[in-house]
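Asks: sequence and predicted structure below; questions after.
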Amino acid sequence: DGGITQSPKYLFRKEGQNVTLSCEQNLNHDAMYWYRQDPGQGLRLIYYSQIVNDFQKGDIAEGYSVSREKKESFPLTVTSAQKNPTAFYLCASSFLREETQYFGPGTRLLVL
Amino acid sequence: QKEVEQDPGPLSVPEGAIVSLNCTYSNSAFQYFMWYRQYSRKGPELLMYTYSSGNKEDGRFTAQVDKSSKYISLFIRDSQPSDSATYLCAMKSRNTGFQKLVFGTGTRLLVSP
């Protein structure tokens, strides 16, 4: 059953806490992406990675960090430096030479 | 001005109606155009993908691109209550190197039985 999985579905963060969102894909895609979705705004790119052990900042990378140690996995850490983390986080992936991206089911992050 | 403009709706139609969803854009370099459907609290699902101008049909869905007007549309024929969702347009330029997808804010569609 091919696809993109994200966990957890819901995540609660306390003030000053770092939390990590998981994203795994078994589509053999080269590139992976993290987006943030807020009400009334389009998807905004946080980080992307086109190859293992390499990643680039997107438009709103401040307060976030990522790693790409395996082709299948691209975890996102929301650090305490991110002052407004409440949002719906979406992971996506694609082949390098294809324009279309495919999305996971999302993780909703809430602040306690 | 946003690169991609999309009316947030909601757009309410009766079952069986023809639905027209639209996006305008300002960057003439955009060459690749996509429509995604997103149900509440779910990830976006790719519906249609078109390159450059013209029409593309897939079942009840037709995607139309008018590059001269910088305007794209998604038509849904014989709309069903299961079509109720938010529809996101996305587009990308053709330039070399990494080019990000630019998304509209989404139009919420409600199809009533």
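Replies: That came in fine, so what should we check first? Residues are numbered from 1 along each chain as shown, chains lettered A, B, ... in the order given.
Asks: quick check: next helix or strand after whichever strand or helix holds A:S65?
Replies: Element membership for A:S65 (DSSP states H and E) is strand A:64-66. Using DSSP H and E, the helix or strand that directly follows strand A:64-66 along the chain is strand A:76-78.
Asks: now that following strand: how far from the chain's centre is it?
Replies: 8 Å (Cα atoms, centre = their mean, to the nearest Å).
Asks: equivalent analysis for stretch A:60-79, please.
Replies: On the basis of Cα atoms, centre = their mean, stretch A:60-79 is displaced by 7 Å from the centre of the chain it belongs to.
Asks: CA-only coordinates of it in CSV, if you can.
Replies: What follows is stretch A:60-79, C-alpha atoms only, in CSV (Å, rounded to 0.1, in the frame of the first residue of the first chain):
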residue,chain,number,x,y,z
ILE,A,60,9.1,30.3,6.5
ALA,A,61,11.9,28.2,7.9
GLU,A,62,12.5,30.2,11.1
GLY,A,63,11.7,28.2,14.2
TYR,A,64,11.8,24.9,12.3
SER,A,65,14.5,22.3,11.6
VAL,A,66,14.6,19.1,9.5
SER,A,67,16.8,16.2,8.7
ARG,A,68,17.0,13.8,5.7
GLU,A,69,19.0,10.8,6.7
LYS,A,70,17.0,8.3,4.7
LYS,A,71,15.3,8.7,1.3
GLU,A,72,11.9,7.6,2.9
SER,A,73,11.9,9.9,5.9
PHE,A,74,11.8,13.7,6.4
PRO,A,75,11.0,14.6,10.0
LEU,A,76,10.2,18.2,11.0
THR,A,77,11.0,19.6,14.4
VAL,A,78,9.1,22.6,15.6
THR,A,79,11.4,24.4,18.1
